[in-house]
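**Q** Return a 3D structure for these sequence lines:
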Amino acid sequence: MDIPFLKKLEMPKFELNLGFGKKQASYIGIDIGASSAKVVQLRKEKERAVLESYGELKSAVYLKKADNTSRIGGGFLRYLESEIGEMLTDLIRESNITTNQAILSIPTVSAFIMLVDFPRISEDEAEQAIQFEAKKYIPIPLAEVSLDWEIIDEGEEKRVKVLLAAVPKEIISKYKRIAEVVKLNLISLEVENFALVRSLIGRDKATTAVINLGAQTTNVTITDLGIIRLSHNIDRGSSEVTRMLSRSLNIEPERADDFKKNIGLSDRPEEKEIADVIAPVVDSLFREILRVVNGYNRLAPRKVERVVLAGGGANLFGLVDYAAKVVGLETVRANPFSRVVYPAFMQPVLREIGPDFSVAVGLALRQITTR
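**A** Residues are numbered from 1 along each chain as shown. Alright, predicted model coming up:
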């Protein structure tokens, strides 16, 4: 287990030349997505997380040339490390970041995550048993992945659950090279939905579906008692709405994005033409999301009680009310900064950008909070 996805462990010193001196008080979480990169810097102060800085850069300006020597496909990872490095260097400079102590996100589509039932085993037996069982669920050789796990004891006499996470080593190596380009002290890598659970769920025990609406993909993560029970990726995202608006109305993508945010699913008669273009795309996506939630509910002892909308796609005007109606559950926009201390005057801005920064906040919180 050379990369800790689930546990609060530092990577071995020989891998990244990490120091083991005095623990740093400030950390940055960096979330690199298909459409933009976000950074959040938090400071630990009396067991609280204090916001120091944040920022975002659109990736289209930087990411233009694919790395044809890499087998990694999809998302930002297919681009040259030099381009990704330049983007992150500019992001850190323009966001006035003052530390290089970093936690970076791994896209959920690049990871294998599963909750597996096991006979009750001792800690001495765990590693060998888990690695043997993991072969059944991970579709590539274990030698090619970095595997991490957490044993979840729910009080059953003869059984325990094990949360498995595996990421191809080729992807991890690329992150290390990017960190070296940007001169980051890479404390850890974390799969996106673990960061989302930390920033949006925390210790809340309610059964919750966190829907992360990215530009190219949508992830549904269902938690119960604060533990991830299901992670499901849908190969569709909010950029589909942008493309449909651009094509139907013959407008630039930037203007289409403005329409999404300010008009969206509006029921105002004068905006019906735009809403009518958006609605079928959203209907189709949420039918898939509803199938995932209903499938979970059929098998789980505790059914989903509420929905949290995260990611840039959550900024679509009217989406919260629409989702609540379709899913039939309490639905809210993500507000990760609710777990962070910041000046009161910043509240309106941070509430507005909250869905976009849910992963970055969760990453930075990893070194500060106990959850």
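**Q** for the protein, which spans come out with low pLDDT?
**A** 1-24, 67-74, 157, 370-371 (pLDDT under 70).
**Q** Could you pull out the helices in it for me?
**A** In the chain, the helices defined using DSSP state H lie at 13-16, 81-94, 123-134, 169-182, 192-200, 239-249, 253-262, 272-299, 319-327, 347-353, 358-365.
**Q** ok and the fourth one relative to helix 81-94, angle-wise?
**A** With axes from the mean of the first three to the mean of the last three CA atoms, to 10 degrees as the criterion, the two stretches helix 169-182 and helix 81-94 enclose an angle of 50 degrees.
**Q** Report the distance from helix 169-182 to the chain centre.
**A** How far helix 169-182 lies from its chain's middle: 18 Å, per CA atoms, centre = their mean, to the nearest Å.
**Q** List the buried residues of that helix.
**A** 171-172, 174-176, 178-179, 181-182 (16 or more other CB atoms under 10 Å). To be clear about C-beta, it is placed using only N, CA and C from the backbone, and glycine gets the same treatment.
**Q** swap in the last one?
**A** Within helix 358-365, the residues that qualify as buried are 358-365, counting by 16+ other CB under 10 Å.
**Q** just to revisit the earlier point, and of the helices of the chain, who's closest to Ser35?
**A** helix 239-249 (7.0 Å; CB to CB).
**Q** now the angle between helix 253-262 and the closest one, please.
**A** 110 degrees.
**Q** Just want the angle from helix 239-249 to helix 272-299.
**A** 150 degrees.
**Q** list the helices and strands helix 239-249 packs on?
**A** helix 253-262, helix 272-299 (3 or more CB pairs under 8 Å, 6 or more residues apart in numbering; DSSP states H and E).
**Q** Let me have the helices of the chain in a markdown table, extended by distance to Pro336.
**A** Listed next are those as a markdown table, based on distance: least, CB to CB, whole Å:
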| stretch | distance to Pro336 |
| --- | --- |
| helix 13-16 | 27 |
| helix 81-94 | 18 |
| helix 123-134 | 31 |
| helix 169-182 | 22 |
| helix 192-200 | 4 |
| helix 239-249 | 22 |
| helix 253-262 | 19 |
| helix 272-299 | 21 |
| helix 319-327 | 16 |
| helix 347-353 | 9 |
| helix 358-365 | 4 |
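**Q** any idea which of the ones you listed is most buried?
**A** helix 358-365 (a mean of 31; mean count of other CB atoms under 10 Å).
**Q** Packing partners of that helix?
**A** strand 26-32, strand 36-45, strand 48-58, strand 101-106, helix 192-200.
**Q** ok, and what's touching that helix?
**A** 27-31, 38-42, 49, 54, 103-105, 190, 192, 194-200, 212, 310-311, 334, 336-337, 339-340 (CB atoms under 8 Å, 6 or more residues apart in numbering).
**Q** what's the closest of the helices and strands packed on helix 358-365 to Leu249?
**A** strand 48-58 (21.5 Å).
**Q** can you pull the contacts of Ala334?
**A** 196, 199-200, 210, 308-311, 314, 354-355, 358.
**Q** Name the nearest residue to it, sequence neighbours excluded.
**A** Ala310 (3.9 Å; CB to CB, 6 or more residues apart in numbering).
**Q** about what we covered before: any chance of the helices and strands packed on helix 358-365 in TSV, plus distance to Asp283?
**A** Formatted as TSV, the helices and strands packed on helix 358-365 follow (distance: least, CB to CB, whole Å):
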stretch	distance to Asp283
strand 26-32	28
strand 36-45	26
strand 48-58	28
strand 101-106	29
helix 192-200	24
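**Q** do you know which of the ones you listed lies nearest Glu81?
**A** Of all the helices and strands packed on helix 358-365, strand 26-32 comes closest under CB to CB, at 11.8 Å.
**Q** Run me through the strand neighbours of the closest one, direction for each.
**A** strand 36-45 (antiparallel), strand 101-106 (parallel) (DSSP bridges).
**Q** can you put the ones you listed in a markdown table and add distance to Ile278?
**A** Formatted as a markdown table, the strands paired with strand 26-32 follow (distance: least, CB to CB, whole Å):
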| stretch | distance to Ile278 |
| --- | --- |
| strand 36-45 | 21 |
| strand 101-106 | 28 |
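**Q** picking that back up, of the helices and strands packed on helix 239-249, which is nearest Ser231?
**A** helix 272-299 (9.9 Å).
**Q** Give me the helices and strands touching that closest one, please.
**A** strand 208-213, strand 218-224, strand 227-234, helix 239-249, helix 319-327.
**Q** ok, the closest residue to Pro139 other than its chain neighbours - contacts?
**A** Nearest non-adjacent residue to Pro139, counting by CB to CB, 6+ apart: Phe112, 7.6 Å away. The contact partners of Phe112, taken as CB under 8 Å, 6+ apart, are 137-139, 145, 164-167.
**Q** Now do the residue nearest to the spatial centre of the chain against Leu329, distance only.
**A** For the chain, Glu192 is the residue whose C-alpha lies nearest the centre (CA atoms, centre = their mean; 2.8 Å). From Glu192 across to Leu329, the span is 23 Å (CB to CB, to the nearest Å).
**Q** Same question for Ser146.
**A** Counting by CB to CB, the gap from Ser146 to Leu329 is 36 Å.
**Q** Looking at these two, which one has more neighbours?
**A** Remark: of Ser146 and Leu329, Ser146 carries more neighbours, 20 against 17, as counted by other CB atoms under 10 Å.
**Q** was I right about the more buried one contacting Ala166?
**A** Yes - using CB atoms under 8 Å, Ser146 makes contact with Ala166 at a distance of 6.9 Å.
**Q** quick one, phi/psi of Asn100?
**A** phi -110, psi 10 (degrees, to the nearest 10).
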